[in-house]
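S.K.: sequence? don't have it. structure:
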Ligand SMILES: Nc1ncnc2c1ncn2[C@@H]1O[C@H](COP(=O)(O)OP(=O)(O)O)[C@@H](O)[C@H]1O
Ligand SMILES: [Mg+2]
């Protein structure tokens, strides 16, 4: 069984095709980087894995579960760290509120977080190095700290599959290092990780495969096979010069 | 001490309206639904006016028809919001339609024009025992939903997509929130009036928002401010012989303005501003 399996997935927003004929499968426990230019459909691909993007054609399976048929069951296994910009930080919540949200699907309806939930949330916050900010207002945190809290929220869920949307973008250097370390540790623990990433250098040694996307799959394979000038140019079209990456 | 019954009913109605509007109003403000709540008030007015036009003056009949008009707008707004589309134009069109219908129905009334006016401007002293009971039932429904689904409401308000992705019942929470907003506004139509509902749903939460960074405390503070507005507004109006709902609305917005001035959130900006002014002064020769 694969962690993620996509079969001819096509996503349209109204008349606008965001993804066309995407097929790939990802082994459990591996670390996948999704790359591609702006508007390539990277965020949409993550949402398709969650069963949240409007599916026109195809199948998506996560841990063998068809996500569009059993969305709630599949989503419980998936931790999602959205692009920070999609969150309204002006809503008055404390850091602990945000991390505890990761537990809600496990807690179920009509019940409050238990002591165990609080401990797991605290552990998750500790993993991203922010345990002392448990009671702080979310809005008082720096961008990098907010990103780490959102990662802690996903960790509190104890996911089998972790999706991250540009976790390193607009994040200060210390936060970048901590996030990289957390992802490394999770990979060791056997969590399957998919991250949208621009600057792949941060994580290169730990990435098992790269999926190059521009509405379609341009290339999918080991980093050293995908991250080559002529392949990248096909994805990014415009003649940006890339320094070929070596392991 | 002996009090006339209508005063007791009026006082309770003012208190309960304040509580209901300002607790639910927290979510209206945080999710940016203020315009929608004004639209719902006018849809409810159209429904209530239609009830009067049909000769139905029973409180439950008025409330039912008002709700029948208000709910579609709330659910439609919920749908638009769920799809992440801009809702101002769509709501604006329905707002205009409902306002037109309300004016039309009220214009066609040959009887019950006093009742119609009280639905626009509110008539807290005219609240009957039956209406008070209906109000209590509404509060029971609305607050039960709010308490039972509080953690879902919080998640959905902070990050709707994250809540959906998490696998909680986010859509259900979202639409139930629209449902209780509609029910709240319909319920206070008689006591507060379609025009002034807005002040009581937005004023207290806005004041509370300035005072805390914790949503739990914000709801509690907002409810308290709402009840204080209802109570003091009612007593002031009684004392000075003024229309109660107007005074309640003014008290609510007054508290909002004061908390804006003393807010810990703003104080920081104020300090920066004061600092700037000082710097400018010092620079002067
Ligand atoms: N909710 C939406 N409604 C309509 N179009 C969308 C929506 N989300 C994304 N798109 C469009 O789909 C395309 C892919 O978007 P996205 O997946 O966000 O790209 P990326 O994350 O790679 O920058 C873009 O052209 C974008 O404008
Ligand atoms: Mg994106």
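M.R.: Great, that's in hand. All of these numbers come straight from a predicted model, not from anything done at the bench. Ligands and ions are numbered 1, 2, ... in the order given.
S.K.: residues from chain A in reach of ligand 1?
M.R.: Contact residues (Cβ under 6 Å from any ligand atom) of chain A with ligand 1: A:13, A:16, A:18, A:36, A:38-44. (C-beta placed from N, C-alpha, C; glycine too.)
S.K.: Kindly identify which of the residues you listed also come near chain B.
M.R.: Among the residues of chain A next to ligand 1, no residue lies close to chain B (Cβ under 8 Å from any Cβ of the partner chain).
S.K.: Quick check: chain neighbours aside, which residue is closest to residue B:25?
M.R.: Closest residue to residue B:25 apart from its sequence neighbours, by Cβ to Cβ, 6 or more residues apart in numbering or on different chains: residue B:201 at 3.8 Å.
S.K.: that's a helix at that neighbour, yeah?
M.R.: Yes. The assignment for residue B:201 is a helix, going by DSSP: H, G, I helix; E, B strand; the rest coil.
S.K.: how about it, what does it touch?
M.R.: B:21-22, B:24-25, B:28-29, B:34, B:37, B:184-185 (Cβ atoms under 8 Å, 6 or more residues apart in numbering or on different chains).
S.K.: got it, and residue A:3?
M.R.: Listed by Cβ under 8 Å, 6+ apart, the contact partners of residue A:3 are A:26-30, A:62-63, A:160-161, A:192.
S.K.: ok, back up a step: CSV for the residues of chain A next to ligand 1, including neighbour count?
M.R.: Converted to CSV, the residues of chain A next to ligand 1 look like this (neighbours: other Cβ atoms under 10 Å in any protein chain shown):
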residue, neighbour count
A:13, 12
A:16, 7
A:18, 21
A:36, 21
A:38, 6
A:39, 11
A:40, 22
A:41, 24
A:42, 24
A:43, 18
A:44, 21
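S.K.: Make TSV from those residues and add pLDDT and secondary structure to it.
M.R.: Converted to TSV, these look like this (pLDDT from 0 to 100; DSSP: H, G, I helix; E, B strand; the rest coil):
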residue	pLDDT	secondary structure
A:13	94	strand
A:16	94	strand
A:18	97	strand
A:36	94	coil
A:38	92	coil
A:39	93	coil
A:40	95	coil
A:41	97	coil
A:42	97	helix
A:43	97	helix
A:44	98	helix
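S.K.: Of those residues, just say which sits nearest to residue B:255.
M.R.: residue A:43 (41.9 Å; Cβ to Cβ).
S.K.: Now do the nearest residue to residue B:47 once chain neighbours are set aside against chain A, distance only.
M.R.: Residue nearest to residue B:47 in three dimensions, not counting chain neighbours: residue B:69, with 3.2 Å by Cβ to Cβ, 6+ apart. Between residue B:69 and chain A the computed distance is 30 Å (Cβ to the nearest Cβ, to the nearest Å).
S.K.: Okay, now the unreliable bits of the chain?
M.R.: Went with chain A since none was named. For chain A, the stretches with pLDDT under 70 are A:237-247.
S.K.: That was the other one, I meant chain B.
M.R.: For chain B, applying pLDDT under 70 flags the ranges B:1, B:265-285.
S.K.: One more pass at 80, please.
M.R.: B:1-2, B:84-88, B:90, B:264-285 (pLDDT under 80).
S.K.: Centroid-nearest residue for it?
M.R.: Residue closest to the mean C-alpha point of chain B, counted by Cα atoms, centre = their mean, is residue B:201 at 2.6 Å.
S.K.: Which residues of chain B lie near ligand 1?
M.R.: Those residues of chain B that sit near ligand 1, judged by Cβ under 6 Å from any ligand atom, are residue B:84.
S.K.: need the residues of chain B near chain A, please.
M.R.: Proximity of chain B to chain A (Cβ under 8 Å from any Cβ) is limited to residues B:30, B:148-149, B:151-152, B:154-155, B:157-159, B:161-169, B:209, B:212-215, B:218.
S.K.: which of the residues you listed count as buried?
M.R.: Neighbour counting by 16 or more other Cβ atoms under 10 Å in any protein chain shown classes B:30, B:149, B:151-152, B:154-155, B:157-159, B:161-169, B:209, B:212-215, B:218 among those as buried.
S.K.: Strands of chain A, start to end?
M.R.: Counting by DSSP state E, the segments of chain A that form strands are A:4-13, A:16-26, A:31-35, A:55-62, A:65-66, A:78-81, A:161-165, A:192-196, A:209-214, A:216-221.
S.K.: Show me what the longest one pairs with in its sheet, parallel or antiparallel.
M.R.: It stands for strand A:16-26. Strand A:16-26 has these partner strands in its sheet, going by DSSP bridges: strand A:4-13 (antiparallel).
S.K.: now the fifth one
M.R.: Looking at strand A:65-66 with DSSP bridges, its paired strands and their directions are strand A:55-62 (antiparallel).
S.K.: Now tell me what touches the strand it pairs with from outside.
M.R.: Applying Cβ under 8 Å, 6+ apart, the contact partners of strand A:55-62 are A:2-12, A:21-23, A:48-49, A:51, A:66-68, A:74, A:77-78, A:161.
S.K.: and that strand, which residues are buried?
M.R.: A:55, A:58, A:60-62.
S.K.: Which residues of chain A lie near chain B?
M.R.: Neighbours of chain B within chain A, by Cβ under 8 Å from any Cβ: A:47, A:50, A:52, A:71-76, A:78, A:80, A:82, A:86-88, A:91-94, A:97-98, A:101-102, A:104-105, A:107, A:109-110, A:112-113, A:137-140, A:150, A:153, A:157.
S.K.: Restricted to buried residues, select those residues in PyMOL.
M.R.: Burial among the residues of chain A next to chain B is assessed by 16+ other Cβ under 10 Å; the matching PyMOL selection reads:
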select buried, chain A and resi 47+50+52+71+74+75+76+78+80+82+87+91+92+93+94+97+98+101+102+104+105+107+113+137+138+150+153+157
